[in-house]
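K.L.:
here is a sequence with its predicted model. Questions after.
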Amino acid sequence: MEAIEKVALLLTNTKLKITPTRKLILDVFMKYSHGLTYADIEKSIEKKLDKVTIYRTLKTYEEKGIIHQVLDTSNQTKYALCSGTCSDHNHHDEHIHFKCNVCQETYCIEDREIPKIKLPSGFYHDQSSMLIEGTCKECNA
């Protein structure tokens, strides 16, 4: 399936109207396998949209379970495509994130679960996150 078809299908499945803006931003996510900052997105679309439109689209995508925020130590919010099991306000993105210390990209490692941690009495789990830092396979080659 081509990227254009995937974009249209994803928007249709989440009951979002297919607009040029939504297609443009979602196409950026389809091109990369790592988390993207606002600046990455803006650069990729060559500043064709204003900041408010980009942020609103990202917020909508996050609410609809299309993207999630990526854990990172860069102090910048990064986003990545959800695996497909997320839905409106119900993210299943408790997976490992890997940040490369060479290229500074952050990747979702969705096929590895975060280990269960037994918390002390009186502490209750809401969400888990795990960040591993090292060298990615591209930089390691």
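P.N.:
Looks like it arrived, so ask away.
K.L.:
check contacts around the nearest residue to I25 once chain neighbours are set aside.
P.N.:
Distances taken as Cβ to Cβ, 6 or more residues apart in numbering place T57 nearest to I25, at 5.0 Å, with adjacent residues excluded. Bear in mind the C-beta positions are built from the backbone N, C-alpha and C, glycine included. For T57, the contact set (Cβ atoms under 8 Å, 6 or more residues apart in numbering) comprises T21, R22, I25.
K.L.:
secondary structure element holding T57?
P.N.:
If you go by DSSP states H and E, T57 is part of helix 51-63.
K.L.:
which pLDDT does the model give I96?
P.N.:
pLDDT recorded at I96 is 89.
K.L.:
doesn't it lie inside a helix?
P.N.:
No - I96: not assigned to a helix; according to DSSP: H, G, I helix; E, B strand; the rest coil it is strand.
K.L.:
you'd agree it is up against T106?
P.N.:
No - between I96 and T106 there is no contact under Cβ atoms under 8 Å: 10.7 Å.
K.L.:
who wins for most neighbours among the contacts of T57?
P.N.:
Using other Cβ atoms under 10 Å as the neighbour criterion, I25 leads these with 26 neighbours.
K.L.:
tell me the secondary structure for it?
P.N.:
Following three-state DSSP, the label given to I25 is helix.
K.L.:
need the contacts of T57 in CSV with pLDDT and distance to S128, can you?
P.N.:
Shown next, in CSV, are the contacts of T57 (pLDDT from 0 to 100; distance: Cβ to Cβ, whole Å):
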residue, pLDDT, distance to S128
T21, 94, 33
R22, 94, 30
I25, 95, 28
